[in-house]
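Visitor: Need coordinates for the following:
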Amino acid sequence: MHYFTSDLHIGHNNVIRFSDRPFSDVLEMNNALISNINTTFETSSRKFTVTTSG
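Guide: Numbering: from 1, shown residues only. Okay, here's the model as predicted:
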């Protein structure tokens, strides 16, 4: 199975405030995002994240 997602803003501290995310800090948010990814997708799945750079 192939899955596509947009930029998760891993490591982006200000996105917690901008998007009213329910985390106290960026480490908590990163751990929650990674945990959710690891428990949601099968290990054989291909995951693509479309992001911007610059």
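Visitor: Name the nearest residue to the residue nearest the centre of the chain, ignoring sequence neighbours.
Guide: In the chain, the centroid-proximal residue (C-alpha atoms, centre = their mean) is L8; its distance is 3.7 Å. Residue nearest to L8 in three dimensions, not counting chain neighbours: L33, with 5.5 Å by C-beta to C-beta, 6 or more residues apart in numbering. From N, CA and C alone the C-beta is placed, and that goes for glycine too.
Visitor: List the buried residues for the helix or strand hosting the one you found?
Guide: With the criterion set as DSSP states H and E, the secondary-structure element containing L33 is helix 26-40. Along helix 26-40, these residues count as buried under the neighbour rule (16 or more other C-beta atoms under 10 Å): V26, M29, N30, L33, I37.
Visitor: Quick one: mean pLDDT for that helix?
Guide: Throughout helix 26-40, pLDDT has a mean value of 94.
Visitor: Could you name the helices and strands sitting against it?
Guide: Applying 3 or more C-beta pairs under 8 Å, 6 or more residues apart in numbering; DSSP states H and E, one finds that helix 26-40 makes contact with helix 14-18.
Visitor: ok, now which ones touch T52?
Guide: T52 is in contact with D7, counting by C-beta atoms under 8 Å, 6 or more residues apart in numbering.
Visitor: ok, now K47?
Guide: Counting by C-beta under 8 Å, 6+ apart, the residues that K47 touches are H2, Y3, F4, T5, I37, F41.
Visitor: so the first one makes contact with F41?
Guide: No: taking contacts as C-beta atoms under 8 Å, H2 lies outside contact range of F41: 10.4 Å.
Visitor: More neighbours: those two, which one.
Guide: Set side by side, H2 and F41 show more neighbours around F41, with 13 against 7, by other C-beta atoms under 10 Å.
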